[in-house]
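**Student:** any chance you could fold what I've pasted below:
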Amino acid sequence: MKSIEEVMAYYQESIYPTVQELEANRKVMVKKLKMLIALCIGVTLLIMGLIHYLFGLNLFVIILFTILALFAYGIGYIYIAGDYTDSFKDKVLAKIITYLDPNLSFEKKQKFPSQEYLTSNLFAKNYNGYKGNDLITGTIDKTNIAFSDLYVYHITKDSKGHTSESRIFQGIYFMADFNKHFEGELYVVPDIAQSKFGLVGTMMQKMYKRYGDLMELDNPTFEKAFAVYGSDPIMARYILTHSMMERILEFKAQVDVDIYLSFIEGKIYIAIYYGFDQFEPNAYRSLDDLETIKKYVEVLISVIGISEQLKLNDRLWSK
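**Tutor:** Below is the predicted model:
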């Protein structure tokens, strides 16, 4: 895997001239967005002023028109910034991905397959909202990988017709071939209960059967960070060797967010819970700032490098 320094040098030499053109377009776009903000605020205040004059205002009306103004701005933002976003992904992001590994394909309009999300079994399956983009697929050495930004949510409606949205997952969803043959299922999830409630938390973990039985391992540091569930203790130790646990801990420290893993049907699934989309350019942030580009590169190197970091390419145990 190429280093951040190598990628940034390539960026400045080969991509930056294109970025200057994008930056000029971005500045024009920001002016339009500021005009849109002024228009939304002006129209909202005018309508609320008229309502106040005729009927009087209440909190419900204020909240309603504030939401409508935000919705109108959101629609306008997508319309105004859409071409800029597509150009950034085609002319900057796609080239960085190809430079990192020419065997990778980038499809900005595609997302992580919903069937693979269900197979991973890491999060609730009763979602009714499934969005994503920026699908990256390919082969790293001997290992097939796929990942994308993903937002999974559930919308409910109460008896009065009011809807509410509950986020199930938002971040990067990753899948790869695993390098060992195994049967059964194994889950590695953040250890929230024990870290907060100690021995009581451990008892809670043992009663929690969503992922199967709680597995006890011989790595105290790993067990403080994760709870491991599965169908077979022998399989758990076969997959989670001491070196594998250390690599997972290193990866968690690298991304610095919660990660969830499952080992199912010969594959490893990793959900990296960033809480927001990783590859959408911020219209209000200049592309001339190298730190902006560097953050995209860091995420790409971290996720594309999973197969190397976890040594998924090693074939010490033939499948």
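
**Student:** from now on I want contacts and neighbour counts done on CA atoms only, so please keep to that.
**Tutor:** Noted.

**Student:** distance from the chain centre to the host helix or strand of Met245, please.
**Tutor:** Per DSSP states H and E, Met245 falls inside helix 242-255. Relative to its chain's centre, helix 242-255 lies at 18 Å (CA atoms, centre = their mean, to the nearest Å).

**Student:** buried stuff in that helix?
**Tutor:** For helix 242-255, the neighbour count (16 or more other CA atoms under 10 Å) marks Met245, Glu246, Arg247, Ile248, Leu249, Phe251, Lys252, Val255 as buried.

**Student:** and the closest residue to Gln254 other than its chain neighbours, what are its phi and psi?
**Tutor:** The shortest distance from Gln254 to any non-neighbouring residue, by CA to CA, 6 or more residues apart in numbering, is to Ser302 (7.6 Å). Torsion angles at Ser302 (phi, psi; degrees, to the nearest 10) stand at phi -60, psi -50.

**Student:** helices and strands around the longest helix along the chain, which ones?
**Tutor:** Ranked by residue count and defined by DSSP state H, the top helix of the chain is helix 16-54. Under the contact definition 3 or more CA pairs under 8 Å, 6 or more residues apart in numbering; DSSP states H and E, helix 16-54 sits against helix 59-88.

**Student:** okay, the angle between the helix it packs on and helix 16-54?
**Tutor:** 160 degrees (axes from the mean of the first three to the mean of the last three CA atoms, to 10 degrees).

**Student:** what helices or strands is helix 59-88 leaning on?
**Tutor:** Using 3+ CA pairs under 8 Å, 6+ apart: helix 59-88 touches helix 16-54.

**Student:** any weak-confidence spans in the chain?
**Tutor:** 193-209, 315-319 (pLDDT under 70).

**Student:** now the helices for it?
**Tutor:** Using DSSP H, helices in the chain cover 4-10, 16-54, 59-88, 94-100, 114-120, 192-207, 220-225, 233-239, 242-255, 290-304, 306-309.

**Student:** now these as CSV including distance to His162?
**Tutor:** As requested, the helices of the chain are exported to CSV (distance: least, CA to CA, whole Å):
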stretch, distance to His162
helix 4-10, 47
helix 16-54, 23
helix 59-88, 13
helix 94-100, 41
helix 114-120, 27
helix 192-207, 32
helix 220-225, 38
helix 233-239, 45
helix 242-255, 37
helix 290-304, 37
helix 306-309, 42
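
**Student:** so which of these is nearest Asp134?
**Tutor:** Checking the helices of the chain against Asp134 by CA to CA gives helix 94-100 as the closest, at 9.7 Å.

**Student:** now that closest one: buried residues?
**Tutor:** Ala94, Lys95, Ile96, Ile97, Tyr99, Leu100.

**Student:** report the spatially nearest residue to the fifth one, omitting neighbours in sequence.
**Tutor:** Leaving out its chain neighbours, the residue that sits closest to Tyr99 by CA to CA, 6+ apart is Val7, at 7.6 Å.

**Student:** sorry, back to before: for the buried residues of helix 242-255, which one is nearest Pro190?
**Tutor:** The nearest one, if we look at the buried residues of helix 242-255 relative to Pro190 and count by CA to CA, is Lys252, at 10.2 Å.

**Student:** tally of neighbours for the nearest residue to the closest one once chain neighbours are set aside?
**Tutor:** In this structure, Lys252 finds its nearest non-sequential neighbour in Ile259, 6.6 Å apart by CA to CA, 6+ apart. With neighbours defined by other CA atoms under 10 Å, the count for Ile259 comes to 22.
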